Every structure is written in C-alpha cells, then in structure tokens.
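**Student:** Generate a structure from the sequence data that follows.
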Amino acid sequence: MRNIDLIREVTSAAAGRWPYVLAGLSIDVPDSSRRHSPCPACGGKDRFRFDDNGRGSFICNQCGAGDGLDLIKKVNNCDTTEAAQLAADVLGIDYRAAETDPVAASHRREQLKADRQQREQERQKQAAEDAEQRRATFARLYAGMRQSATQGESDYLQSKGLTGFNYPVMPDGSLLLELVDESGAVAAAQTITPQGEKRLLTGSAKRGAYHAVNAPEQPQAVIIAEGLATTLSVHLMRPDALTVCAIDAGNLLPVAEVMRRKHPQSQIIIAADNDHQQDEQANTGKDAAEKAALSVAGWVALPPTDYKADWDDYRQQNGLEVATAAFNDSMYQIQGEAVKPQLQAIAGGKSRRKAEVGDIAQMAASQKARLLSSRWDMLAVNPDSGTVYCYESGVWEKLPDSELERVMVAIFDEHEAHYTEKGIKSVVATMKLQIPVIGERSGDLIGFDNGVYDLATQTFSAHSPGNWLMNHNGITYTPPAPGENITTSAPNFTRWLNHATAGDHHKAERIKAALFMVLAKRHDWQLFIEITGEGGSGKSVFSSIATTLAGEHNTASGSMMTLDTARGRAQFVGKSLIIMPDQTRYVGEGAGIKAITGGDPVEIDGKYEKQFTTVINAVVMATNNEPMTFTERNGGIARRRVIFPFNNPVSDADKDPDLTAKIRREIPVIIRHLLTTFADQNKAKALLLEQRDSQEALEVKRGTDPVVDMCAALFFMNEPKGMMMGGGTWAGQPEPRTYLYHLYLAFMEYHGLGKPLSVNKFSRAIKSAAKEYRASYLTRSINGRAQTNVGYNEKAEEFMPRAYGVESGQSDD
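**Tutor:** Have a look, this model is predicted:
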C-alpha cells in the first residue's frame, strides 16, 4: 500500500475513534476537552488539552498543537508514515501486503467510503437528537412565558419614544419578542427588560430566525436591523419596506440569506449599527452589515456619526424627518450598483474569503482582540486572577481561557487563516487589557432566577449587569399568596423547626436568622455557623435548607483542612455558601476559617490556573457530631463562632425519609417569611450574636476547652485582689486555694486530662475564657508575683478535696 493511501485510510478509519487508537498505543489523554493533563509527548505538567473533534486534535503549551497522527509522531519521535503504521496496527489495517488486485483495491475504497458515510449519518443523527431536545426545551419555556404575558406597550419601547407598538409583556414588565424561522414557526425568543437588558430564551434556535414588524404582501425592499428599537425606528422611516429584526450583529448574515431566498427580486438593505471606535479599532456593526450585504447583493445604511450610534439613537437625537433623509442618503453597496443580485450572491465566495484572510492576517493583536470580544455581548475581567466573565442570564459566568482560545481558533478557521498557539494566547491576553474590570456586588441584593430582591428598598427588580451577580439561587421569586403564613403554608418546615428547638420560640427565631444570613449572603457579618449534636437530630435538614436557599450550584463542600490550604480554597472561589457536612473532630487554630469569615484576602492556587489572592465572599457553615476545638486564644474565632446545639434526636417512629424533599417544595414560602421577618437585617444579626453568647453555646465550648469549663467554678472581681497566679515549678505542697495555676492543675487531674498548659499559655487562655462569661481577666504585680482578679465558688469544691484529701465543705481553719 502506498504511504499516502495508508495515511488516508488510517485517518478515515480513526475518525471519531482517536481515544481508542491512542489508548492502544499507551498514549494517555484526558477524557474531556475541559480537563488538562500532563503532555504524553513532552511531559509538561499542565495545559495539555485533548479536544479530539473527531480527528484527535490536541494543544500543548510546550510542544504545540496537531491531530492524532501528530501526537503519535511526537510521542514516538517518528515520521507521519511510521505514525500511520502504528495506528494501523491498532485498527487492524494490513498495510504490509501489496494491493495488486485492482478489484480488491476498489472494494477497499468503497468500504472506506461507506464507513465514512455511516459515521457522518451517526453524527447527523446525534445532532438531530440534540436539536430536537433543544426545541422541546424552548417550546416548554416559551409556552409558559407566553401564557403569563399580556398584550400591551412596553416600558422599554416607550422610554425610547416608540409608542403605539403592542407586544407580549411579562408580569415583571419585560417585553417578550418571538422570532420565526424560514418556515414561519416560532424558533426563538428574546426578553427585554424595562432597563434594556436582553436575554435569549434557553433552547432558542437563533441562527436565521427573525422578527418582522410588518407584513407587506410584495415588498420592493427588505430592511434588516439588529435590535428591536432600531428595527421599529427604521420602519417609521421606511414604512413601505418589509422590516425585520435579527436581534444581533452575528445573525444579520443568516437572516439576510433567508430574506434573499424568500424575496429574490427585492432590494435588501442592512440598517447597520455604527460601532465607531475612537482608536480606529474594528467597527463590529459596520463590518457585520457589510458582510451580510455582500452575501446577498444588498445595500448598507450606516448612521453618519463619528461616535457609536444606531438608527434609533439617531432618530432620538435628530428627529424622524432628519433621520429618514439621512437613512436614504447613507445607503451604499459594497461591489457597485450594477451587480445583479443572483450573480453577486454566487460570486461572493473565494475572492471574498481571501480578502478577509488578508484583513485578519494584517490585524494588530488589539484588533483581533476586539474581534474576539465581540463574540459576547458583555465581558469583564478580574484583574487579580485574570479570569474573564461573560454576562449571561442575569449573572456573570466564568469564561475559561481555554474557551476564549478555542473561539479565537474558530475565528481564524472561519477566515481560513493560519495561526500559532503563541499568537492565540497573545490575542486573549490583549483582550483582557481591553475589557472592563468587573465590579463588586451590592451586599443588599439577593439573586433569584427571575431577578433580584433589594433588601435595602425591599423591592424586586429585573436582572441587570450592573448588579455584578456571580450567581443566583435558581429559585423563582413570586409574591405571597393571600393569607399566607409560615405555620400552615410551610407545615413541614414548621414541624422540623419545632422539633429541633424543642418548642423554644427564641431559638427558632435564631435559627431563622441563620437561614436568612445564608439567603442574604451576609458573609460581611463576619460570623460562621456551627451546628453540632447527636446524629438524627435535624442537622442535615438544616444544611439542606441552607443549600437550597443559596442554590446548589453556589454551594461548595469542604472541610476545615481545605479552608487552611491555598489549593483547597480554590474550589470555594465564586461560591456563596461553604458547607462542611459531618465535619470530623477538629483541633487547630482555624486560620483558614478566621481569614475567610473575617473578609481577609487569601491565597488561591487552582490547578492549572494562575495563583492569586482574593477575598472569598461566602457564608461558612459546619455540621458535626462532636464540636470543634480551637486553640486560637486571641478572640478571633470566639467573635465569629455561632453554635447551634441540636440535641433532640428524632425517634425511629417519627422519622420521615421525604422530609427534606417536602421542605424544598415549601422554599418559596420560607423565603418570603424570612424576608418579611428580617426586613430589618440588623434584627437577624442581633439574634445571631445572642446565640453566639447564649448559655447553650457556652455549654458546648465547656465540653471542648478545659479552661472555659473551669471558669464555671470561678468568679471575676472588678480589681485584681484575688488568687495569686503561682507557677509550675512550685517545690512545696500545691495550694489550689491560693494559687490559680495550682487550681487549674487540680481541675485537670480530677478530670483525667493530660497535657496541661504552661503558666504563660494558661494566662492567655483564661483571659480568652473570661470573655465567654462576659468578664475580664485582670492582674497586677506584687513583689514580682502576679495577683489576679479571680476567686473560686462552691463548684470548685468538687475537684479540690479529692485531689488533696480535704473533705468537701471543710474550712481552711
């Protein structure tokens, strides 16, 4: 078999099977294009990505990019023919025998052709199934929105002076704009809020879909514009023309092609947006309009401004009469007026692509970066991490560098232009310098699926990019039903709460305050929640409710150890709730949880990502059967730690395996109750501080800290005229009634506790423990010896006599 035939046959046979082929050659590649791994060729530890795309394509930061055969060549240090032979062995292709029979050779070629056709059919079938699933999703969502909408004038259009146009309007005031495909069926929809925020409905098939604002029977002209307001303004200028909305620049060309097929003899005019840039960078609206016009032998009408403006802006600024004249005067055709539509539509192929290739090849990195960023409506960058975010469906979503690079490669491929990995990365890096820096989210906003609730104004409004939400809870906010109350409208939540608190109304209010803290994302209160107690007492239900309030996609699970390391903290960036379920026994300083809840910048070392420092804005919550023990004595943990003991296990007879699911169905009622109860947010914070300082929380701390426990047998005076401190090197008989440190040693011995603290550490520990009892530890020096303000009460008699042979109640006389 000739070498070229072998390479062709291997490439054909391996299409769609490259992971299998590479595995057969012991070449390990990741099973997802979103995962990175060490490069099997150069051994690089990061940034090797296997995209596959049916041809085994890969990218390595160190040794470049290529297809499956290229990877085999690099790993085995061989040429293309040898790589094809290695792949052929895995695929069972016999390349050694010479193909002397022309009939057999013909059969082989036919078989290869049949295999290729079968794979293509399978690909098309899968694509059709995916498309059908998207259509079903869109149909379901659109039907629900259409049912809740009422016909009328929208605030968005009225604010632009466009009155008299009726459209479906949602309960929140958003305009619902339907788009039809070439057959006339509704294929996509867009919502436009009163503030002008536009959102494409999930599952929409946007490409080639459009919205016609009028319907003349035999239009002499067809005008295509981007946004709805621009389309309506142009319709007022040219009411005789069929005027359609393509909703964005990227859809101008597909819609133009649809219009040309439907109206082959009509004049097609693209009403361009003038995206003028002061620094002579790419004019996206003009470029997209010219490409669309070129493909259908159409015309372009561009607003005559030296600043960014569309035809609706021009109408508002200059009036309808002036705008109409300017529209007609501004029209031009790319390849001259004498070119026939049919001829121009056919001839716009190779020569046009060559011109585009030349254009993109000659562009500076800054121009390419503008071209890349134009693929998204809104982008912003975190200057600390270098992470890019795109605004989508009300939130700013993280856009990985790998995705940016892949889109830039697609742009080069569209223009049939050559590129290098270094060049691609240069464009992405340049784009990060151009796009705006991401802002900070207001602490008073709660993000829902359909908008935001402002705790300061107690009002609900539509999503806006300026809210800078990184996430929302995924719950649809709805107003309360008449007569709604938490007891009867959320009976399962009420039953759980009553059991967890043993009917204690005050504790129930404090638990609600903790849930409100999660809902409102009040990480800035610098508190963390610890739910501790016996198994089966309702702790997991508490965690489940909190997770639902924050949104499961906004919640990350970890442990105290993960909070303490830069690598472990990487999973919490961008999350609003950190939970530590079933936290194992912890003894330590708690440096990580103190830094996060204190709002301090912490180091983040994400795998395959640039190391950076950031503030993790998340509420932290731990659940455990055994409370945590903190060795930190400076009060940082004590100020932040809010403990909720759950010590009332549910009996087997009363256990409801579906309780969590039932409570989740009551979440809208619970949310409305929390928002009403804590309309004054300070009320919730005050309740949490009460719980932090409560007697039941102190009892939990006594069980984990011997010094705190011993303080229950002490009292603190206003002046340091109490027990002497004493020392650990006392040569004589211990005197626990005179020396505080001796009393501490007696307490430790009585309770069988080893490893007592040194005098200095004990002094710091009791100073911290005194604060738990709302007291202060004071000392003074008398002849070089420390006197404290501490005395002991009758509870100390329990451990002193047994240790020193003194009967309980015996006096010192």
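**Student:** For Leu86, grab the count of nearby residues.
**Tutor:** By other C-beta atoms under 10 Å, 21 other residues sit near Leu86. Every C-beta, even on glycine, is put in place using the N, C-alpha and C of the backbone.
**Student:** what do you get for Glu699?
**Tutor:** Counted with other C-beta under 10 Å, Glu699 comes out at 15.
**Student:** What are the neighbouring residues in contact with it?
**Tutor:** The contact partners of Glu699, by C-beta atoms under 8 Å, 6 or more residues apart in numbering, come to Pro645.
**Student:** which stretches of the stretch 1-150 of the chain form helices?
**Tutor:** 3-14, 18-24, 68-76, 80-91, 102-148 (DSSP state H, counting those that start in this stretch).
**Student:** Out of those, which gets nearest to Val428?
**Tutor:** Closest to Val428 of these, according to C-beta to C-beta: helix 68-76, at 22.8 Å.
**Student:** Identify each buried residue in the closest one, please.
**Tutor:** Gly68, Leu69, Asp70, Leu71, Ile72, Lys73, Lys74, Val75 (16 or more other C-beta atoms under 10 Å).
**Student:** show me what contacts the second one?
**Tutor:** Meaning Leu69. Ile7, Val10, Thr11, Gly56, Thr80, Ala83, Ala84, Ala87.
**Student:** what number of residues lie near the spatially closest residue to Arg49 that is not a sequence neighbour?
**Tutor:** Excluding the flanking residues, the one nearest Arg49 by C-beta to C-beta, 6 or more residues apart in numbering is Ile59, at 5.0 Å. Counted by other C-beta under 10 Å, the residues lying close to Ile59 total 22.
**Student:** my guess is Ile59 meets Ala41, correct?
**Tutor:** No: counting by C-beta atoms under 8 Å, Ile59 does not reach Ala41; the two are 11.8 Å apart.
**Student:** Now do the helices in the stretch 451-600 of the chain.
**Tutor:** 486-489, 491-500, 505-519, 539-550, 560-563, 566-569, 591-597.
**Student:** Identify whichever of these lies nearest to Ala128.
**Tutor:** When the helices of the stretch 451-600 of the chain are compared by C-beta to C-beta, helix 539-550 sits nearest Ala128, at 36.3 Å.
**Student:** What lies in contact with that closest one?
**Tutor:** 473, 475, 493, 496, 500, 511, 514-515, 518-519, 521, 531-533, 555, 576-577, 579, 581, 619, 621, 623, 644, 646, 659-660, 663-664, 667, 670-671.
**Student:** and what of stretch 367-379?
**Tutor:** So stretch 367-379 is contacted by 198, 248-250, 277, 281-282, 284, 360, 363, 388-391, 399, 404, 407-408, 411, 427-428, 430-431, 433-436, 465 (C-beta under 8 Å, 6+ apart).
**Student:** which among these end up buried?
**Tutor:** Buried among the contacts of stretch 367-379 (16+ other C-beta under 10 Å): 198, 248-249, 281-282, 284, 360, 363, 388-391, 399, 404, 407-408, 411, 427-428, 430-431, 435, 465.
**Student:** Okay, and which of those residues map to strands?
**Tutor:** Lys198, Val388, Tyr389, Cys390, Tyr391, Leu399 (DSSP state E).
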